[in-house]
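[1] build me a model from this:
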Amino acid sequence: MKQVAALASVLLLAAVSPSAQAPRPAAPAAAIKPKLVVLLSVDQMRGDYIDRFRHQWTKGLHRLVTEGAWFRQADYPYYTTVTCAGHASIGTGTVPAVHGMVANTWVTQNNTRTVSCTDDETAKLISYGAPVTSIAHSAANLMSPTLADEMRSQSWPPPRVIGISLKARSAINLSGHRPDAVIWLDERDGGWVTSTAFAKATAPFFADYIAKNPMSEQLGQTWDRALPKERYLFEYSSEYRKRTPHVTTEFPHITRGRGDEVGGAITDAWEASPYSDAYLKGLAFSAIDALKLGRTSGTDFLGISFSALDLTGHSYGPGSQEVQDILINLDVQIGLLLDKLDRDVGAGNYVVGLSSDHGVSPIPERLKAQGFDAGRIDTAGIGRAIDAVLAKELGPGTYRTRVLANDVYFNDGVYFKLTQNPAAMDAVLATIRKGEGVWKVYRKEELSATDPLTRQSFLSHYEGRSGEIKMLGRAYWITSVSTTTHGTGHRYDTRVPVMLYGFGIKKGEYLDQAAPIDLAPTLAFLTGVTLPDAMGRVLTEALIHR
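    Numbering: from 1, shown residues only. I've put the predicted structure just below:
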């Protein structure tokens, strides 16, 4: 690959027109850096959604697809495709084996406790409303700097950095360790919060927006189709659905939950609707206005993760009118965001990168009814079966084996005993392989970056956080009780959009192999900073060489 000179070191010189009197002064040199970097994630956006639904987009998503650079063959290179891992990978340009965010949760304290990837008991939550009592969050477990972190440490003047999402693990992993402001919705109490890990008090502009737009007034609103019913691709059916967040079973939905949401939050139904994406856009507008993002002498950073698609997809499945409608509405919201940036920052002065943290599986029961091999892996049952084998092979004890998605966790010292007892190890592995829907089983020592069969799991493994044994399911087999989920290395989970738009970007559809971890290195290149841990590449084919 030819070396490409850094855009940050090149100036475009405008031609000087001759004149009968005197030469005109040269036009101002073109900007050598964007004024604003906008990093967007659309949670659970499968790559094939663009081809499936783009004919109904006319605003923001339409602009990104038709006027930006769209990489049509973009996949995550690792196996455990979940929200925390995906956002950390987008934010840092590297993989879980390096940045450490291997999953949404992992096991600690002798296999007795499950923790969230961003949990931090040394910090405290700061609420924008009523007091909250949940565990606070930070980027302490993120072992690599993000693009925003490196922009802050290498650029002068340092950028203003903002992170926004419904989810802590999304907002934090995009904006990094030291954002100027980061905000998310508390999972248990349903209020907007930040953490003492990032600030001493609430951000005034967020507080003002929340006060003027109380979320409580939107709870219970009606969510109906944005387009006539006949324009939706799938016949409406509630068959095979598990529990959904809305009290209504079909359109029009009421954004009110049943009151028995996990953790007591009363906002689940609102979150799984277009209203939540619009609210995140409103929070972004408040930050853009208050901090004059993109209008300072440096390059600022805005990270937004839109969460409604994920919450909707889990409940209704990828072949649902709800998913289609979320994207129709998101097209409008991103369009409003781009229009504002055109007005405030100037078209061509900002750059946008968009991807997703993962895709999603079809609903297994629906596939099974069509004659395909599909189903649900009984992880709890496999854990109990392993414990029975351990008691037989190693003697009586309290083993508490946990199977979290693809990872098998043992009590401290148990795995070492298995490595010293080949017969016991073989018995455990054989037990896992017998699980219905299980495809492959690997010990952590078998994982290799050069082995095509284990490379995905190798890139997902971080010692001390990942399980000692990897259990991989067959295609269309999931490990969740929700309607459907994600988290595997199968293509419907790994293939997601990768799009760039704006400053320095050459529009077009690209068939080169790409990955979401390429976005941060590309945006870093445009802003003149380097990422120390990046494993992604600069997408040079989509750059205007200035």
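
[2] output the longest helix belonging to this structure.
    helix 321-341 (DSSP state H).

[3] and the next helix or strand past it?
    Downstream of helix 321-341, the next assigned helix or strand under DSSP states H and E is strand 350-355.

[4] tell me the strands beside that next one, with direction?
    strand 36-42 (parallel), strand 498-502 (antiparallel) (DSSP bridges).

[5] helices or strands next to the longest helix of the chain in the packing?
    strand 36-42, helix 49-53, helix 60-67, helix 274-291, helix 308-316 (3 or more C-beta pairs under 8 Å, 6 or more residues apart in numbering; DSSP states H and E). (Glycine included, C-beta is placed from N, CA and C.)

[6] could you look over these and pick the most buried one?
    Among the helices and strands packed on helix 321-341, ranked by average contacts under mean count of other C-beta atoms under 10 Å, first place goes to strand 36-42 (a mean of 27).

[7] how about the longest helix of the chain: buried residues?
    Buried residues in helix 321-341, defined by neighbour count with 16 or more other C-beta atoms under 10 Å: 321-338, 341.

[8] next: stretch 448-466.
    Thr454, Arg455, Gln456, Ser457, Phe458, Leu459, Ser460, His461, Tyr462, Arg465, Ser466.

[9] repeat that for stretch 129-138.
    Buried residues in stretch 129-138, counted by 16+ other C-beta under 10 Å: Gly129, Val132, Ser134, Ile135, Ala136, His137, Ser138.

[10] find the nearest non-adjacent residue to the residue positioned nearest the centre of the chain, please.
    The residue lying closest to the centre of the chain (C-alpha atoms, centre = their mean) is Asp357, at 3.2 Å. Residue nearest to Asp357 in three dimensions, not counting chain neighbours: Gly86, with 2.5 Å by C-beta to C-beta, 6 or more residues apart in numbering.

[11] quick one: that neighbour from Val95, how far?
    11 Å (C-beta to C-beta, to the nearest Å).

[12] cool, Arg72 as well?
    On the measure of C-beta to C-beta, Arg72 and Val95 end up 22 Å apart.

[13] Gln221 now?
    Separation of Gln221 from Val95 (C-beta to C-beta): 40 Å.

[14] so for Ser297, which of the strands paired with strand 350-355 sits nearest?
    strand 36-42 (12.4 Å; C-beta to C-beta).

[15] roughly how far is the closest one from the heart of the chain?
    Averaging C-alpha positions (C-alpha atoms, centre = their mean, to the nearest Å) puts strand 36-42 11 Å from its chain's average.

[16] can you check stretch 117-129 too?
    What separates the centre of stretch 117-129 from the centre of its chain is 20 Å, taken as C-alpha atoms, centre = their mean.

[17] give the residue spans of this protein that score low on pLDDT.
    1-30, 258-265, 546 (pLDDT under 70).

[18] switch the cut-off to 50
    Within the chain, the stretches with pLDDT under 50 are 1-29.

[19] where do the helices sit along the stretch 401-546 of the chain?
    Applying DSSP state H, counting those that start in this stretch to the stretch 401-546 of the chain gives helices spanning 414-419, 422-433, 455-460, 491-494, 519-527.

[20] wait, the stretch 51-200 of the chain
    Under DSSP H, counting those that start in this stretch, the stretch 51-200 of the chain gives helices at 60-67, 83-92, 96-99, 147-154, 168-175.

[21] tell me which of these lies nearest to Val481.
    Short answer: helix 83-92, nearest of those by C-beta to C-beta, at 17.4 Å.

[22] which strands or helices does that closest one pack on?
    strand 36-42, helix 96-99, helix 147-154, helix 168-175, helix 519-527.

[23] nearest to Pro204, out of the helices and strands packed on helix 321-341?
    When those are ranked by proximity to Pro204 (C-beta to C-beta), helix 274-291 comes first, at 7.2 Å.

[24] convert that closest one to CSV, retaining C-alpha atoms only.
    C-alpha atoms of helix 274-291 as CSV (Å, rounded to 0.1, in the frame of the first residue of the first chain):
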residue,chain,number,x,y,z
PRO,A,274,-38.2,7.0,18.3
TYR,A,275,-38.7,9.5,21.2
SER,A,276,-35.4,8.5,22.9
ASP,A,277,-33.3,9.0,19.7
ALA,A,278,-34.9,12.5,19.3
TYR,A,279,-34.1,13.3,22.9
LEU,A,280,-30.4,12.3,22.5
LYS,A,281,-30.3,14.6,19.4
GLY,A,282,-31.8,17.4,21.6
LEU,A,283,-29.1,16.9,24.2
ALA,A,284,-26.5,17.0,21.5
PHE,A,285,-27.9,20.3,20.2
SER,A,286,-27.6,21.8,23.7
ALA,A,287,-23.9,20.9,23.9
ILE,A,288,-23.3,22.2,20.3
ASP,A,289,-24.8,25.5,21.2
ALA,A,290,-23.4,26.0,24.7
LEU,A,291,-19.8,25.0,23.9
